[in-house]
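**Student:** Prediction below, plus the sequence it came from.
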Amino acid sequence: MPSRSVDTRSCIRTPGRGGQFGLVLLVAVLLGVGRASLAQDASPAKTAERSSAALEIVVRDVKPLFMSVANAPWAQRIASSALYRRWIGSPAFQAARATIGKIEEAFGQPLPKVLGELLAGGVSMTVDPTEGEGADVVVVGLAENRQIVEQTISLWNRLDNVTSQPVAGPPSEPVVYERRKPGEEPVFYATTGRLWLVGNRLGAVQSRLQAGVAGLERALASESESPPLVSVRMRTAAWNQTFRLEEGLAAADPFQRWFAQQWSALRELTGEIDLRTGPAVRITAKWDAGKTSARWQDWVRLVTGSRAEVFDRAPAGTLVAIGGRIQPGLALQLLPAPEDEAERRELQKLRKVLTGVCLGLDFVDDILSKVSVDWGLYVLPRPATETDLLPVGIVFAWKMPPAAPGDPRGGQVGRALTNALQAGLSVWATVENDRPDRGQVAVRLTTDVQGPESDELLHLEGLDWGQPAFSLTDGYLVIASHPGLVREFASPSQASARLAARLERLWPTEPGVTLDQQVLAHIGVGSIRTWLAANQSDIARAIAKARGTEAEKVERGLERLSESLELCDDLLLGLQFAPESVSTEFRWVTAPQ
């Protein structure tokens with residue numbers, strides 16, 4: 001662009017109000033980046049040079065992804081949903097569509113093509129905190145051609161009725177322009193060939209401008225052969241002053257001080273967003289080498305052992321399944337201990353009570369520290385009843401330590417826990433029977449569990465919402481809201497195996513890492529849709545009774561919820577541990593049963 005004052009108000013004539021139009025244009029760019037989807041893998045990766053930015057967000061291979069978004073299974077699912085059909089008939093959609101039409105008229109081509117050309121070579125945004133509470137923010141992009149850059153800047157300035165002024169750069173170098181709206185902070189931008197830069201401070205834009213195209217290419221490079229669409233990297237040390245780390249380390253609150261200690265040990269936080277097989281988000285926290293405790297190393301060693309069976313045994317029709325590997329004894333040790341003397345005394349009293357009902361075993365040292373790391377929690381549909389309660393059941397299964405052959409009671413630890421649970425049921429029954437409005441509540445025992453190595457099943461009978469039950473079966477302590485659910489866990493069906501196989505397919509793991517070497521939550525959205533459709537009236541009645549409102553109003557809300565559940569078939573959330581990092585990942589899957 002020429003190094004002179006540029007008045008772009010007459011460059012492009014389009015109808016509509018400038019401020020609203022410019023805002024929609026910028027929002028469309030951001031939303032367009034977020035919606036880019038399932039194209040082929042990126043070009044061969046390069047070894048990325050680490051950026052010194054405190055926070056950097058990188059978006060890669062935008063143009064080909066824009067071209068394929070309409071054919072993505074998840075995008076087609078959204079377009080065919082009742083929720084989307086209602087939205088496109090709304091005044092808000094019609095207004096947005098009219099505004100997009102004006103943008104397309106101004107450029108003479110569809111908006112996806114405009115965004116694809118403007119962001120064709122990728123985008124990088126850096127944020128660096130400054131003294132005080134401010135931060136330098138710069139966005140750098142590489143367009144397909146220089147013409148689309150000039151068109152966009154001209155339209156941007158025209159819509160805001162702004163004249164850009166050159167503020168830096170001799171004729172031999174790219175000129176940095178300032179655009180200032182009355183009452184607002186200035187924005188600085190520059191272009192050189194296909195490269196464009198926008199920032200909130202002159203010095204920050206000049207610094208990124210010196211790196212040029214080569215600097216953007218380094219930011220876009222990745223060590224992965226198939227880099228994600230979006231990468232985020234935060235150098236935690238650069239934010240210590242912003243987050244007031246020193247105050248946190250000296251805080252009187254033990255949890256605040258513990259959090260500050262964890263933050264000080266972190267090296268970086270990274271994030272990834274990918275859309276190749278459906279929307280997926282991954283966040284990883286990485287500690288500095290040598291800054292993780294021996295307890296953390298013990299945790300990782302214990303929870304990355306052989307494959308567990310918790311998903312293989314998920315009862316048929318499971319709506320929500322959560323399972324994985326956790327060592328509860330070490331989990332308590334990783335948390336900060338209470339420093340208040342009164343709190344410590346109360347905890348000691350509780351431990352003594354638990355020791356008494358656990359056959360003399362200390363609940364923390366002798367039980368939590370010795371039990372297996374494998375566990376599972378399931379939410380299942382149940383037949384509707386006349387109690388106006390949600391027709392769902394809950395099962396919790398916890399693997400017990402190995403016992404002698406033929407002993408289904410989980411050894412000493414299993415016997416201690418079952419004794420504690422039996423005492424708890426007895427106390428519960430006594431409390432319920434003391435209520436004047438309650439019928440007879442009693443603890444019942446049966447041996448009809450059906451597992452090959454199962455103990456008797458105890459349950460509480462007489463409650464109006466369920467029959468809480470537990471049993472030791474096949475080496476698991478199983479606690480459920482209904483006795484029948486314990487029996488289902490004890491005798492896994494073919495449907496259980498199908499759920500495990502589906503999870504293996506939907507959640508491919510890294511080499512050497514099995515499905516259950518991480519904590520995994522699976523929400524069967526498709527199963528929930530079916531459950532809602534079959535029980536909508538009963539569910540509405542239960543919710544209406546709990547809230548004290550009309551069932552018809554609740555049913556209308558459930559109908560809208562059912563429409564939103566059409567958008568996918570599975571939601572998955574994973575948590576994986578490593579010696580010097582921990583990662584969490586979310587996936588939205590469109591893959592019918």
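**Tutor:** That came in fine, so what should we check first? Residues are numbered from 1 along each chain as shown.

**Student:** How many residues are close by residue 135?
**Tutor:** With neighbours defined by other C-beta atoms under 10 Å, the count for residue 135 comes to 17. C-betas here are computed from N, CA, C, even on glycine.

**Student:** Equivalent analysis for residue 150, please.
**Tutor:** Residues lying near residue 150 (other C-beta under 10 Å) number 17.

**Student:** measure it to residue 193 for me?
**Tutor:** Taking C-beta to C-beta, to the nearest Å as the measure, residue 150 falls 11 Å from residue 193.

**Student:** got the end-to-end distance for stretch 55-64?
**Tutor:** 26 Å (C-alpha to C-alpha, to the nearest Å).

**Student:** Stretch 137-154 too?
**Tutor:** Using C-alpha to C-alpha, the end-to-end distance of stretch 137-154 comes to 22 Å.

**Student:** buried stuff in it?
**Tutor:** Neighbour-count burial for stretch 137-154 flags 137-144, 148-154 (criterion: 16 or more other C-beta atoms under 10 Å).

**Student:** for it, the distance to its chain's centre please.
**Tutor:** Stretch 137-154 sits 32 Å away from the centroid of its parent chain (C-alpha atoms, centre = their mean, to the nearest Å).

**Student:** what sits up against that stretch?
**Tutor:** Identification of contacts with stretch 137-154 by C-beta atoms under 8 Å, 6 or more residues apart in numbering yields 1, 8, 11-12, 63, 107, 114, 116-127, 164, 189, 191, 193-201, 204-205, 207-208, 213, 215-216, 219.

**Student:** now do 6 Å
**Tutor:** With C-beta atoms under 6 Å, 6 or more residues apart in numbering as the contact definition, stretch 137-154 has outside contacts at 8, 11-12, 117-127, 191, 194-200, 204-205, 208, 216.

**Student:** same question, stretch 355-374
**Tutor:** Residues from elsewhere that reach stretch 355-374 (C-beta under 6 Å, 6+ apart): 302-303, 308, 310, 325-329, 354, 399, 401, 413, 416, 419-420, 423.

**Student:** same check, this time on stretch 173-191
**Tutor:** Surrounding stretch 173-191, the residues in contact under the criterion C-beta under 6 Å, 6+ apart are 1, 3, 149, 160, 162, 164-169, 192, 197-199, 202, 205, 209.

**Student:** could you redo the last one with a cut-off of 7 Å?
**Tutor:** Identification of contacts with stretch 173-191 by C-beta atoms under 7 Å, 6 or more residues apart in numbering yields 1, 3, 149, 153, 157, 160, 162, 164-169, 192, 196-202, 205-206, 209.

**Student:** So which of these are in helices?
**Tutor:** 149, 153, 157, 202, 205-206, 209 (DSSP state H).

**Student:** quick one: which of these is most hemmed in?
**Tutor:** When neighbours are counted by other C-beta under 10 Å, residue 205 leads those with 28 neighbours.

**Student:** Go ahead and confirm that residue touches residue 192.
**Tutor:** No: counting by C-beta atoms under 7 Å, residue 205 does not reach residue 192; the two are 11.7 Å apart.

**Student:** quick one: low-confidence parts of the stretch 51-200 of the chain?
**Tutor:** Across the stretch 51-200 of the chain, the ranges flagged by pLDDT under 70 are 51, 169-172.

**Student:** what's the following helix or strand after the helix or strand where residue 115 lies?
**Tutor:** Under DSSP states H and E, the secondary-structure element containing residue 115 is helix 111-118. Using DSSP H and E, the next helix or strand after helix 111-118 towards the C-terminus is strand 123-129.

**Student:** Give the buried residues for that next one.
**Tutor:** So strand 123-129, judged by 16+ other C-beta under 10 Å, has buried residues 123-129.

**Student:** Kindly report the same for stretch 108-124.
**Tutor:** 111-124.

**Student:** that's a strand at residue 322, yeah?
**Tutor:** Yes: counting by DSSP: H, G, I helix; E, B strand; the rest coil, residue 322 is part of a strand.

**Student:** Quick check: it touching residue 521?
**Tutor:** Yes: Residue 322 is within contact range of residue 521, at 4.5 Å (criterion: C-beta under 7 Å).

**Student:** and which of the buried residues of stretch 137-154 is nearest residue 57?
**Tutor:** Using C-beta to C-beta, residue 139 comes nearest to residue 57 of the buried residues of stretch 137-154, at 9.0 Å.

**Student:** How many neighbouring residues does the residue lying closest to residue 520 once chain neighbours are set aside have?
**Tutor:** Distances taken as C-beta to C-beta, 6 or more residues apart in numbering place residue 574 nearest to residue 520, at 4.9 Å, with adjacent residues excluded. The number of residues packed near residue 574 is 19, by other C-beta under 10 Å.

**Student:** How much space separates residue 574 from residue 238?
**Tutor:** For residue 574, the distance to residue 238 - C-beta to C-beta - is 28 Å.

**Student:** How about residue 202?
**Tutor:** Separation of residue 202 from residue 238 (C-beta to C-beta) stands at 21 Å.

**Student:** how about TSV for the ones in helices among the contacts of stretch 173-191, with distance to residue 436 added?
**Tutor:** Below are those laid out as TSV (distance: C-beta to C-beta, whole Å):
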residue	distance to residue 436
149	78
153	77
157	77
202	77
205	75
206	79
209	79
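
**Student:** and the gap between residue 541 and residue 534?
**Tutor:** For residue 541, the distance to residue 534 (C-beta to C-beta) stands at 14 Å.

**Student:** Please say which of these two ends up with more neighbours.
**Tutor:** Taking other C-beta under 10 Å, residue 541 and residue 534 do not tie; residue 541 has more neighbours (19 against 13).

**Student:** Buried residues, the host helix or strand of that one. List them.
**Tutor:** Following DSSP H and E, one finds residue 541 within helix 525-547. Buried residues in helix 525-547, counting neighbours by 16+ other C-beta under 10 Å, are found at 525-532, 535-536, 538-544.

**Student:** Same question for stretch 175-189.
**Tutor:** Within stretch 175-189, the residues that count as buried by 16+ other C-beta under 10 Å are 175-179, 187-189.

**Student:** so what does the host helix or strand of residue 582 touch, helix or strand wise?
**Tutor:** Taking DSSP H and E as the definition, one finds residue 582 inside strand 581-589. Here strand 581-589 touches strand 280-287, strand 570-578, going by 3 or more C-beta pairs under 7 Å, 6 or more residues apart in numbering; DSSP states H and E.

**Student:** name the helices or strands packed onto the longest one?
**Tutor:** Translated: strand 570-578. For strand 570-578, the elements it packs on are helix 294-303, strand 518-523, strand 581-589, judged by 3+ C-beta pairs under 7 Å, 6+ apart.

**Student:** and of these, who's closest to residue 286?
**Tutor:** The nearest among the helices and strands packed on strand 570-578, by C-beta to C-beta, is strand 581-589 at 4.5 Å.

**Student:** The closest one vs strand 518-523, what angle?
**Tutor:** Between the axes of strand 581-589 and strand 518-523, defined by axes from the mean of the first three to the mean of the last three C-alpha atoms, to 10 degrees, the angle is 20 degrees.

**Student:** the inter-axis angle of strand 581-589 versus helix 294-303?
**Tutor:** For strand 581-589 against helix 294-303, the angle by the same axes, to 10 degrees is 40 degrees.
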